[in-house]
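Chemist: Would you be able to build a 3D model of this:
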Amino acid sequence: MKKRVVSVFMALAMGLSIVACGVTAPETPAAEPAAEPKEETAAEQAQTTEAVTPAADAITLVMAEVNPLDTIVGMTDQKFKEEVESRSNGSIIIDLQASGVLGSENDVLDTMLGGGGTIDMSRISAFALTSYGGQKSMLLSLPYIFTSREHFWNFATSDLAQEFLQEPSENGSGVRGLFYGEEGFRHFFTVNEISDINSFKGMKLRVSNDPIMNGLVEGLGASPTVVSFGELYSALQTGVVDGAEQPIANYKSNAFPEVAPYMILDGHTLGAIQVIITDEAWNKLSAEQQQVLVDAGKAASEYNRSISEEKENAVLEELKADGVTIIEVEDITPWQEAVKPVIEENIKGLEDYYQKLVDMK
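Modeler: A predicted model of the protein is given here:
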């Protein structure tokens with residue numbers, strides 16, 4: 001009994017000592033009502049993924065992205081990275097380098113096709129391989145080839161798309177495509193005010209040395225001017241070019257409205273994208289790891305499809321609120337007529353593939 005009393009007094013003394021030091025004993029929290037679940041935006045969903053612990057023998061693949069991570073393509077890249085690392089249990093790590101830190105799209109392709117081994121993967125425009133011998137992929141850049149997003153996705157989820165993705169590997173370019181996505185229709189934007197198709201006559205419009213885009217710009221009566229993407233902002237600012245073209249989300253994320261605040265919604269091309277990997281990097285992977293990339297690509301493609309239109313519409317409203325002049329195109333016919341020669345010239349020998357694409361709408 002005596003020991004029990006002593007124990008009680010010791011416990012009381014300790015409690016008083018804790019209070020004297022300004023520390024309160026922990027209390028059992030009262031039950032609180034469950035908080036309402038917060039609906040995440042697409043951007044938040046892409047950026048709140050759990051980190052995967054790399055395996056001891058993990059393979060790291062360096063992936064290039066010319067745009068910031070908050071763009072449609074940047075978010076798609078992050079989804080792909082998450083899926084690869086999760087599905088591979090950390091045996092494949094994607095080192096995603098965004099905002100053009102590894103160079104322009106052409107710089108990246110030169111490195112990858114040259115076999116340097118420093119860049120393993122990249123998200124590119126689907127028709128960027130045209131200048132490197134890609135014939136089938138060139139068709140994806142033809143003006144007005146896709147009449148709607150649904151038309152594009154009919155292609156992107158087809159067996160024909162898989163044939164297109166494998167073309168660069170089959171022709172010895174040293175890379176292969178994994179999956180397709182899109183970043184919205186591409187539109188022209190300019191430094192000075194414009195109103196319709198006739199406004200472009202005599203302008204210098206930026207191109208990336210793509211033959212299709214060169215022909216499109218010439219069809220508008222303008223002069224195609226080659227400028228790398230990383231230099232485009234300053235080229236617009238200094239008058240080297242009078243305008244350029246980009247998908248809506250990329251236009252805003254790269255701050256182009258600051259120097260070219262006029263955009264006309266001509267939708268001349270759907271911004272089809274693809275992720276490619278070098279054959280050298282692909283061959284380092286086991287069959288199971290290769291399948292991980294394929295399956296992760298499907299998941300990323302589906303994610304891209306779910307966010308692209310929503311993100312684009314939100315950005316368009318932000319641009320209007322920021323004072324950017326958005327010009328709607330009431331009649332697309334004059335634009336289509338202006339680019340007919342470009343289409344006729346570039347489908348020679350590929351008429352069957354062209355017709356298959358047209359018929360998928």
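
Chemist: May I have the phi/psi pair for residue 243?
Modeler: phi -170, psi 180 (degrees, to the nearest 10).

Chemist: got the contact list for the nearest residue in space to it that is not next to it in sequence?
Modeler: Counting by CB to CB, 6 or more residues apart in numbering, residue 190 is the residue found nearest to residue 243 once chain neighbours are left out, at 3.6 Å. The C-beta positions use only the backbone N, C-alpha and C, and glycine is treated the same way. Listed by CB atoms under 8 Å, 6 or more residues apart in numbering, the contact set of residue 190 reads 199, 203, 242-243, 260, 262-264.

Chemist: and of those, the nearest to residue 89?
Modeler: residue 263 (44.6 Å; CB to CB).

Chemist: partner residues bridging the closest one?
Modeler: Note on residue 263: beta-bridge partners by DSSP bridges are residue 189, residue 326.

Chemist: Got the confidence number for it?
Modeler: Here, the pLDDT recorded for residue 263 equals 98.

Chemist: mind checking how far it is from residue 83?
Modeler: 33 Å (CB to CB, to the nearest Å).

Chemist: More neighbours: those two, which one.
Modeler: residue 263 (25 against 21; other CB atoms under 10 Å).

Chemist: The stretch 251-361 of the chain: helices as residue ranges?
Modeler: Here the stretch 251-361 of the chain has its helices, by DSSP state H, counting those that start in this stretch, at 279-284, 287-321, 333-338, 340-346, 351-358.

Chemist: can you list the ones you listed in TSV and add distance to residue 269 and mean neighbour count?
Modeler: TSV is the format used below for the helices of the stretch 251-361 of the chain (distance: least, CB to CB, whole Å; neighbours: other CB atoms under 10 Å):
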stretch	distance to residue 269	mean neighbour count
helix 279-284	28	15
helix 287-321	14	17
helix 333-338	11	14
helix 340-346	11	15
helix 351-358	13	14
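
Chemist: right, and these - which one's nearest residue 174?
Modeler: Nearest of those to residue 174, taken as CB to CB: helix 279-284 at 5.2 Å.

Chemist: Now do the phi/psi pair for residue 68.
Modeler: Dihedral angles of residue 68 (phi, psi; degrees, to the nearest 10) stand at phi -70, psi 160.

Chemist: Near it, how many residues? Count them for me, please.
Modeler: Neighbour count of residue 68, defined by other CB under 10 Å: 17.

Chemist: Roughly how far does it sit from residue 98?
Modeler: 6 Å.

Chemist: Pull up the overlap in contacts between those two.
Modeler: With CB under 8 Å, 6+ apart, residue 68 and residue 98 have common neighbours residue 74.

Chemist: Reformat the contacts of residue 190 as CSV; add distance to residue 298.
Modeler: Conversion of the contacts of residue 190 to CSV gives the following (distance: CB to CB, whole Å):
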residue, distance to residue 298
199, 42
203, 41
242, 41
243, 37
260, 36
262, 39
263, 33
264, 35
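
Chemist: give the contact list for residue 222.
Modeler: So residue 222 contacts 200-205, 242-243 (CB under 8 Å, 6+ apart).

Chemist: In PyMOL, select just the buried ones from those residues.
Modeler: Selection of buried members from these for PyMOL, criterion 16 or more other CB atoms under 10 Å:
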select buried, resi 200+203+204+205+242+243
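
Chemist: which among the contacts of residue 222 gets closest to residue 323?
Modeler: residue 243 (17.9 Å).

Chemist: picking that back up, of the helices of the stretch 251-361 of the chain, which is nearest residue 180?
Modeler: It's helix 287-321; of the helices of the stretch 251-361 of the chain, that one is closest to residue 180 (CB to CB) at 6.3 Å.

Chemist: chain center to the closest one: distance?
Modeler: Helix 287-321 sits 7 Å away from the centroid of its parent chain (CA atoms, centre = their mean, to the nearest Å).

Chemist: Quick one: list the elements packing against that helix.
Modeler: Other helices and strands packing on helix 287-321, by 3 or more CB pairs under 8 Å, 6 or more residues apart in numbering; DSSP states H and E, are helix 42-47, helix 72-87, strand 92-97, helix 149-156, strand 175-190, helix 248-253, strand 262-278, strand 325-328.

Chemist: quick one, the third one and helix 72-87 angle?
Modeler: With axes from the mean of the first three to the mean of the last three CA atoms, to 10 degrees as the basis, strand 92-97 and helix 72-87 are set at 160 degrees to each other.

Chemist: which other residues reach strand 92-97?
Modeler: Applying CB under 8 Å, 6+ apart, the contact partners of strand 92-97 are 52, 54, 58-65, 69, 77-78, 80-81, 84-85, 121, 285, 289, 292-293.

Chemist: From the residues you listed, list just the buried residues.
Modeler: Buried among the contacts of strand 92-97 (16+ other CB under 10 Å): 52, 54, 58-59, 61-65, 69, 77-78, 80-81, 84-85, 121, 285, 289, 292-293.

Chemist: ok, back up a step: go through the contacts of residue 222 and name the one nearest residue 219.
Modeler: Checking the contacts of residue 222 one by one against residue 219 (CB to CB), the nearest turns out to be residue 200, at 9.5 Å.

Chemist: Okay, buried residues for stretch 244-263 please.
Modeler: 244-254, 256-257, 260-263.
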